[in-house]
Each structure stands twice: as structure tokens, then as C-alpha cells.
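Peer 1: would you be able to build a 3D model of this:
(one chain, ligands or ions: 1)
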Amino acid sequence: MVDTILETEGLTKEFRGFAAVSDVRLQVARGSIHGLIGPNGAGKTTCFNLLTKFLPPTRGSIRYDGRDITGMKPAEVARLGLVRSFQISAVFPNLTVLENVRLALQRQRGGSFDFWRGESLLRQYDDRAMQLLEDVGLTGYARHAAGQLPYGRKRALEIATTLALDPVMMLLDEPTAGMTHEDVDRIVTLVKRVAAGRTVLLVEHNLKVVEGLCDTITVLTRGRVLAQGDYATVSRNPEVQAAYLGTDPSIAGGTQHV
Ligand SMILES: Nc1ncnc2c1ncn2[C@@H]1O[C@H](COP(=O)(O)OP(=O)(O)OP(=O)(O)O)[C@@H](O)[C@H]1O
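Peer 2: Residues are numbered from 1 along each chain as shown. Now for the predicted structure:
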């Protein structure tokens, strides 16, 4: 039997009567990498914001690890281990890469800016922060100002600050958006690595990215679930092909083959 860590029932979000997400039933297996994909305007971001509690649903429920979290606040679900990736805007550009991760670790322990804390405690944070930087391949950038990092490396830093919160389940919003091919490959490898022992749900626009990464893919179009399954199953589905090819002619040209 599949061990489901996150499950939604009838999840719906309406904006002035327009259903951006409609009656979505999502089941994410513990320990899996699950992709939520779909063409522009499919409802991916809205769904992501519902799952991370940044938006209240109009209807439906969300269960995480056996609890109904529908009415909970983002900080409450984060404490339960369901953590969304911080966007680059949450990175402090003038602090070093190491200081950014250390700050995330300090916050995780409940202290805000514990500058008055002992040296040894700070060193403890540094050791853990360096470990996290190694995990995301940023060791060589530890002393660089975060604002100076190339875009792809900033996304890796974003993942490091998310890992600092010790997530049981990570929610990543388009981790490869706007990246060069090289960066995309690096982030795909990184997500695979940090997914060990965790569950990951990621929103992604590009089917190619989820091909090698996701165990299960849910395809949304117009707010509804169109198909679900592994890449081979989903990519053969004629409705999925039509949805992708139908919305954006440029996709047929090459970058996002089904
Ligand atoms: N706050 C809002 N108010 C009104 N309509 C909204 C709001 N947020 C999203 N929508 C609408 O809901 C639909 C789904 O949007 P959403 O951003 O969730 O799609 P998406 O799949 O993430 O798209 P993209 O790949 O382009 O980011 C769109 O038609 C969008 O215009």
C-alpha cells in the first residue's frame, strides 16, 4: 500500500467566480519526487500557494502526514516539516552565502538575530551551514556576497536555506525557471540529491526537466487534473500532448517536447 504524505480532496480556489484550481485530488507518496506540471495558466502556482498555505482554498481539504492542515498558517505547516523553498528575493544580497545559510539556521532554532550568543554556538551554525553549502555545491562561494552569485547558484542557495529548516517535505516552485541548460542539469542533480530521505513536490513548466527527476507527475490544465502517472505514461497521453501543444506553438518547436 502506498504511504501518502500529502493529500488533497476537492481542492478549489476561485477568484471572483473564476476557478483557478478546481476539484483537485492530489496524492503524494512519501519519499517520492512528485511533479506538478501544466501549460501557462494551468493553476500550478495557485495550487502551490494553496499547499503551502499562502492562499486559503475556497473549498476542499489538505492533509499532511495524517493531519488536516487546511486551516493552518504557513509557519505552522513549516514547523510540521512541510517547507516551501524561499524565493531569491528572500536572500540577503549584501550578506555572504555562508551568512545567509547561517541566518536561516538561526531562525530555525527560534533565535532571530542572536548576535549576542556565544562564539561556540555561532561556530556550530557555521559547521552546519558549510555542510549545507557542500550539499548544494556552493562551498567555493561561501564568502561571496549572495547578491553577486550567478542566477543558477542563487537558486542553489535558495535550496540550501530551505534545507536549513530541516524539511520532511520540500515544495519547490519552478526551481529551474529562467536557467541555462547547464544550470538546469546542475539543479536537477541537486534536487535528486537533496530528495534522499525526503519527499519533494515541485512545480515545473518544462516536461523535459521532470522526465528524469519525478517518480510521479500530475498534469494540470485549466485548474483541473488532466493526467497522473510516471513520465512515460503521462507523455504518451494524447490529451496531455494536445494541452501542451495547443497553448503555446513555440513548445512544438523544441524546448518542451512532450
Ligand atoms: N490572484 C488572482 N486573481 C485572479 N486570478 C488569478 C489570481 N491568481 C491566478 N489567477 C488566474 O488563475 C489562473 C491560474 O494561474 P496560475 O498562476 O496558478 O497558473 P500557472 O499554471 O502557475 O501558470 P504559469 O505557468 O504561467 O505560471 C490564471 O488564469 C490566472 O490568471
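Peer 1: point me to the residue of the stretch 101-250 of the chain nearest the ligand.
Peer 2: Residue of the stretch 101-250 of the chain nearest the ligand, by C-beta to the nearest ligand atom: residue 205 (5.2 Å). Where you see a C-beta, it was placed from the backbone N, CA and C, and this is true even at glycine.
Peer 1: which residues touch that residue?
Peer 2: Residues in contact with residue 205, defined by C-beta atoms under 8 Å, 6 or more residues apart in numbering, are 37, 39, 40, 44, 174, 177, 256.
Peer 1: the ligand contacts on this structure?
Peer 2: For the chain, the residues in contact with the ligand (C-beta under 6 Å from any ligand atom) are 15, 20, 38, 40, 41, 42, 43, 44, 45, 46, 205.
Peer 1: residue 57 contacts residue 15, doesn't it?
Peer 2: No. With contact defined as C-beta atoms under 8 Å, residue 57 and residue 15 do not form a contacting pair (11.9 Å).
Peer 1: just the buried residues from the residues of the chain next to the ligand, in ChimeraX please.
Peer 2: The buried subset of these, as determined by 16 or more other C-beta atoms under 10 Å, is captured in ChimeraX by this line:
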select :20,38,42,43,44,45,46,205
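Peer 1: and the residues of the chain next to the ligand, which is the shakiest by pLDDT?
Peer 2: pLDDT across the residues of the chain next to the ligand is lowest for residue 205, at 81.
Peer 1: helix, strand or coil: sort out the residue nearest the centre of the chain for me.
Peer 2: Residue closest to the average C-alpha location in the chain (C-alpha atoms, centre = their mean): residue 172, at 0.8 Å. Using DSSP: H, G, I helix; E, B strand; the rest coil, the structure places residue 172 in strand.
Peer 1: in contact with the closest residue to it other than its chain neighbours, which residues?
Peer 2: Spatial nearest neighbour of residue 172, excluding adjacent residues (C-beta to C-beta, 6 or more residues apart in numbering): residue 202 at 4.1 Å. Residues in contact with residue 202, defined by C-beta under 8 Å, 6+ apart, are 33-36, 171-175, 191, 210, 213-214.
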